[in-house]
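Asks: Provided below for reference: sequence and predicted model.
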Amino acid sequence: MNFSKYYTRDTILRSIRQFLWNEGFCEVETPLLVPSVIPESYLDIFTTTLFNRYRKPQKMFLTASPESTLKKLLVEGIGNCFEITRSFRNTETDATTHSPEFTILEFYRVNANYMDIAKDCERLFQYIYIKSLKRSENNRRTVQGDGIFQLTYQGKSIDLSSPWIYMSVKDAFEKYTEIPFDQITNKKGKTVEEMFNVNLIKPFAKKKGYTISRDNTWEELFNQFFLNEVEPYISHLEKPVILFDYPRPMAALATVKKEDPRFSERFEIYAGGLEIGDCYNELRDAKEQENRFKFELKEIKRRKKTEVVPDMDFIAALQKGLPKCSGIAIGIDRLVMLFTDAKEIKEIRFCSF
């Protein structure tokens, strides 16, 4: 552990709290050990066994994020809130930017949309920059004129000043793959299956030489284009990128765009090649969310991931009424990596993996 980076981590955590407190957010603490979770097929969840005082066993899970509990608090009327906590995702070892145990920030703003949160993030990053502005051998940080924030990450110059780069996933896909998005989807489709028929994208994936199997989904093939042809290009841009409006199969818990139901109102933040934050306009339709739960449970079984117990209390909370809101999850460890010029996550946190 490089303690200078650890001290910067401490400053960043203090800065995040101060920024959100100044904005009127309430800090909360939610459980890490829970009896049910939001099913997400791209994750593997940690499971354990809880014994009550009579040694009766109950299957429990370590949370992959505090999302469901925070939204339950929003339903109960807590208002703007945030949490900085540990989260857990299995199988994420032997990687420079992943860890099975990591630190996450989630904050939710009521009566806001995802573009409001994007602006919050611009200001948050700049606030952190100012508060941690101490020259060190680890990173070169300078203020150039009024409101320009320049840092260096792994040899790349990154300007945190506003405005950041805003780019839709559709535009990024078409720019970097040179494939029209309308050719890999059916814009006139009435269902998700019709809109994202895997046979539409397969010929393009085959032409590019990507791995294709009989059981591939549209999303799995799209991810190969995204990881190999989109992310490498945006990682070299000199400002953070707000990559917004993800395809509907990648909607997570996001609302669907009314103008074009092939897309969800979701964005991710990229800076210096690091994917740092994931935000969306929160889905408030309990029936739609329950349908997504059912789909994800089938996908978990198909992908042979760890079986989970779905959080039906979350569905009940949505039925009661989630206020209009938007929220974001930010990986604290990767954020610290950015501000300390750390190449690997193990440089900025005590880690046994």
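Replies: It's in.
Asks: quick one: the strands in the stretch 151-300 of the chain?
Replies: Using DSSP state E, counting those that start in this stretch, the strands of the stretch 151-300 of the chain run over 156-159, 165-168, 241-247, 263-271, 274-281.
Asks: Report the mean per-residue pLDDT for the longest one.
Replies: What it means is strand 263-271. Averaged over strand 263-271, pLDDT sits at 97.
Asks: ditto for stretch 284-292
Replies: For stretch 284-292, the per-residue pLDDT averages 96.
Asks: Check the offset of that stretch from the chain's centre.
Replies: Taking C-alpha atoms, centre = their mean, to the nearest Å, one finds stretch 284-292 lying 20 Å from the centre of the chain it belongs to.
Asks: Stretch 153-160 now?
Replies: Taking C-alpha atoms, centre = their mean, one finds stretch 153-160 lying 21 Å from the centre of the chain it belongs to.
Asks: For that stretch, buried residues please.
Replies: Neighbour counts using 16 or more other C-beta atoms under 10 Å place 153, 158, 160 of stretch 153-160 among the buried residues. All C-beta atoms are positioned from the backbone trio N, CA, C, and that covers glycine.
Asks: Okay, now it: how far is its last residue from its first?
Replies: 12 Å (C-alpha to C-alpha, to the nearest Å).
Asks: contacts for that stretch?
Replies: Identification of contacts with stretch 153-160 by C-beta atoms under 8 Å, 6 or more residues apart in numbering yields 122, 125-126, 129, 139, 148-152, 236, 238-240, 271-274, 337-338, 341, 343.
Asks: Equivalent analysis for stretch 18-33, please.
Replies: Residues outside stretch 18-33 that contact it (C-beta under 8 Å, 6+ apart) are 17, 48, 50, 60-63, 66, 69-70, 73, 78-86, 88, 107, 109, 120, 123-124, 127-128, 131.
Asks: Narrow the residues you listed to those in helices?
Replies: Members of the contacts of stretch 18-33 lying in helices (criterion: DSSP state H): 17, 69-70, 73, 120, 123-124, 127-128, 131.
Asks: Hmm, residue 77 and residue 317 touching each other?
Replies: No. Shown here, residue 317 and residue 77 do not form a contact pair, counting by C-beta atoms under 8 Å, at 11.8 Å.
Asks: more neighbours, the two?
Replies: Neighbour tally, residue 317 and residue 77, criterion other C-beta atoms under 10 Å: the higher count belongs to residue 317, 21 against 8.
Asks: Over the helix or strand hosting that one, what's the mean pLDDT, rounded is fine.
Replies: Using DSSP states H and E, residue 317 falls within helix 312-321. Across helix 312-321, the average pLDDT comes to 98.
Asks: measure the nearest residue to residue 124 once chain neighbours are set aside to residue 252 for me?
Replies: Closest residue in space to residue 124, ignoring its immediate chain neighbours: residue 19 at 5.4 Å, by C-beta to C-beta, 6 or more residues apart in numbering. To residue 252, residue 19 is 25 Å away according to C-beta to C-beta, to the nearest Å.
Asks: Which one of these two is surrounded by more residues?
Replies: residue 19 (20 against 17).
Asks: buried set for the host helix or strand of the more buried one?
Replies: Assigned by DSSP H and E, residue 19 belongs to helix 3-22. Under the neighbour-count criterion of 16+ other C-beta under 10 Å, helix 3-22 has 5-6, 8-9, 11-13, 15-16, 19-20 buried.
Asks: and what of stretch 201-217?
Replies: The neighbour-count check on stretch 201-217 (16+ other C-beta under 10 Å) flags 201-202, 204-205, 210, 212, 216-217 as buried.
Asks: from those, which is closest to residue 290?
Replies: Relative to residue 290, the closest of these is residue 217; by C-beta to C-beta it sits at 20.5 Å.
Asks: For the helix holding residue 317, which helices and strands make contact with it?
Replies: For helix 312-321, the packing partners by 3 or more C-beta pairs under 8 Å, 6 or more residues apart in numbering; DSSP states H and E come out as helix 67-75, helix 286-302.
Asks: quick one, what contacts the residue lying closest to residue 179 once chain neighbours are set aside?
Replies: Nearest residue to residue 179, sequence neighbours excluded (C-beta to C-beta, 6+ apart): residue 204, at 5.5 Å. Counting by C-beta under 8 Å, 6+ apart, residue 204 makes contact with 179, 183-184, 225.
Asks: next one: residue 80
Replies: Going by C-beta under 8 Å, 6+ apart, residue 80 touches 23-26, 107-110.
Asks: same thing with residue 9?
Replies: Contacts of residue 9 (C-beta under 8 Å, 6+ apart): 332, 336, 340, 348-349.
Asks: wait, residue 222 sits on residue 184?
Replies: Yes. Between residue 222 and residue 184 there is a contact under C-beta under 8 Å: 7.5 Å.
Asks: which residues are common contacts for the two?
Replies: With C-beta under 8 Å, 6+ apart as the test, residue 222 and residue 184 both reach residue 201.
Asks: do you know how far residue 37 is from residue 211?
Replies: Plainly put, residue 37 is 30 Å away from residue 211 if you go by C-beta to C-beta.
Asks: secondary structure element for the residue of the chain positioned farthest from its centre?
Replies: Here the chain reaches farthest from its C-alpha mean at residue 54, the gap being 39.7 Å by C-alpha atoms, centre = their mean. Counting by DSSP H and E, no helix or strand carries residue 54.
Asks: residues contacting the nearest residue to residue 197 once chain neighbours are set aside?
Replies: Leaving aside its sequence neighbours, residue 197 sits nearest to residue 186 (C-beta to C-beta, 6+ apart; 6.1 Å). Contacts of residue 186 were listed using C-beta under 8 Å, 6+ apart, and they are 194-197, 200.
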